[in-house]
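Trainee: no sequence on hand, only this structure:
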């Protein structure tokens with residue numbers, strides 16, 4: 001009789017034949033940085049996650065560095081918004097100041113910035129509005145301004161999330177022509193119009209004031225379209241391809257892993273985080289075990305990089 005259980009008899013043999021290994025080196029930790037002072041506000045729908053002003057962020061960054069998490073992904077909450085989100089390219093904007101602060105005080109921490117407009121526009125959409133929809137090509141011009149301002153502030157990588165067609169080509173050309181040819185791009189290549197983003201909109205104050213984002217984010221029904229979109233980003237010069245959300249789209253992560261010779265990232269989004277936290281608080285699940293199992297599933301599906309609000313907690317488990 002064939003007996004596969006022979007290789008499950010003890011923890012030692014299970015470790016020896018284990019196919020997928022989750023590591024702290026896989027994690028990117030998102031941070032919400034709000035303009036102002038003396039701000040350290042917990043996000044009600046995301047227990048354990050806070051908004052920080054720059055004068056309060058050091059304790060959080062100290063912990064990230066101590067846990068050996070290699071990278072952070074920055075989201076800014078400005079004090080002023082307008083129709084175009086012009087604060088995104090203000091050299092003294094909240095993200096630009098945050099980049100300079102982190103690179104000066106934590107030089108070995110890798111800093112990635114989200115490149116979008118929804119936190120900065122008065123209407124909450126990801127670009128310039130024309131006839132009640134986002135004007136793709138006009139928005140590209142402003143994306144270039146935002147990216148160059150991040151590059152000048154000293155960012156290590158940019159991650160455009162707005163899902164405008166031609167974004168990667170515009171960013172790559174703008175960076176190359178401005179002396180930043182070595183700055184990499186992590187593309188939100190396959191980003192679905194998902195209900196799992198709900199808590200993030202509380203965190204980043206980015207809910208749209210009208211309509212939704214279905215004209216620019218992808219239909220959750222579509223798989224082949226994800227491959228086409230990732231192909232465009234790959235051809236336009238993306239260095240890393242991302243799938244967002246993660247847990248409901250593990251098949252898409254695997255599709256990208258099988259079809260592209262690039263690092264693959266996934267975003268373990270706010271709703272996925274909040275569901276585990278809420279169920280654990282109710283005592284319905286073992287929160288730590290479900291957290292680790294869900295992160296492992298993303299790695300097993302093919303993700304080389306996992307952006308997750310669980311990064312600190314998971315790092316503590318892996319450090320035991």
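Mentor: Arrived safely, thanks for sending. In this text the structure is predicted, and so the values were computed from the model without any measurement.

Trainee: please state the offset of stretch 285-302 from the chain centre?
Mentor: 18 Å (Cα atoms, centre = their mean, to the nearest Å).

Trainee: partners of the helix or strand encompassing residue 113, with directions?
Mentor: Following DSSP states H and E, one finds residue 113 within strand 110-115. Counting by DSSP bridges, the strands paired with strand 110-115 are strand 71-77 (parallel), strand 157-160 (parallel).

Trainee: can you put the ones you listed in TSV and add mean pLDDT?
Mentor: Output for the strands paired with strand 110-115, formatted as TSV (pLDDT from 0 to 100):
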stretch	mean pLDDT
strand 71-77	95
strand 157-160	95
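
Trainee: which of those strands sits closest to residue 45?
Mentor: With Cβ to Cβ as the criterion, residue 45 lies closest to strand 71-77 of these, at 15.2 Å. Quick note: C-beta positions are derived from backbone N, CA and C, even for glycine.

Trainee: which residues touch that closest one?
Mentor: Applying Cβ atoms under 8 Å, 6 or more residues apart in numbering, the external contacts of strand 71-77 come out as 27-35, 51, 61, 64, 93-95, 98-99, 102, 109-114, 119-120, 156, 159, 203-205, 307.

Trainee: moving C-terminal of that strand, what's the next helix or strand?
Mentor: Assigned by DSSP H and E, the successor of strand 71-77 is helix 94-105.

Trainee: got the angle between that following helix and strand 71-77?
Mentor: Angle, helix 94-105 to strand 71-77, by axes from the mean of the first three to the mean of the last three Cα atoms, to 10 degrees: 150 degrees.

Trainee: distance from helix 94-105 to the middle of the chain?
Mentor: Counting by Cα atoms, centre = their mean, helix 94-105 comes out at 18 Å from the chain centroid.

Trainee: give the other helices and strands that it contacts.
Mentor: strand 27-34, helix 58-66, strand 71-77, strand 110-115, helix 136-153 (3 or more Cβ pairs under 8 Å, 6 or more residues apart in numbering; DSSP states H and E).

Trainee: of those, which is nearest residue 229?
Mentor: Across these, closest to residue 229 is helix 136-153 (Cβ to Cβ), at 13.9 Å.

Trainee: what sits against residue 229?
Mentor: 189-190, 218.

Trainee: measure the closest residue to residue 29 other than its chain neighbours to residue 48 for me?
Mentor: Distances taken as Cβ to Cβ, 6 or more residues apart in numbering place residue 311 nearest to residue 29, at 3.9 Å, with adjacent residues excluded. Distance of residue 311 to residue 48, computed by Cβ to Cβ, to the nearest Å: 11 Å.

Trainee: those two: which is more packed in?
Mentor: Higher neighbour count among residue 311 and residue 48: residue 311, with 25 against 12, using other Cβ atoms under 10 Å.
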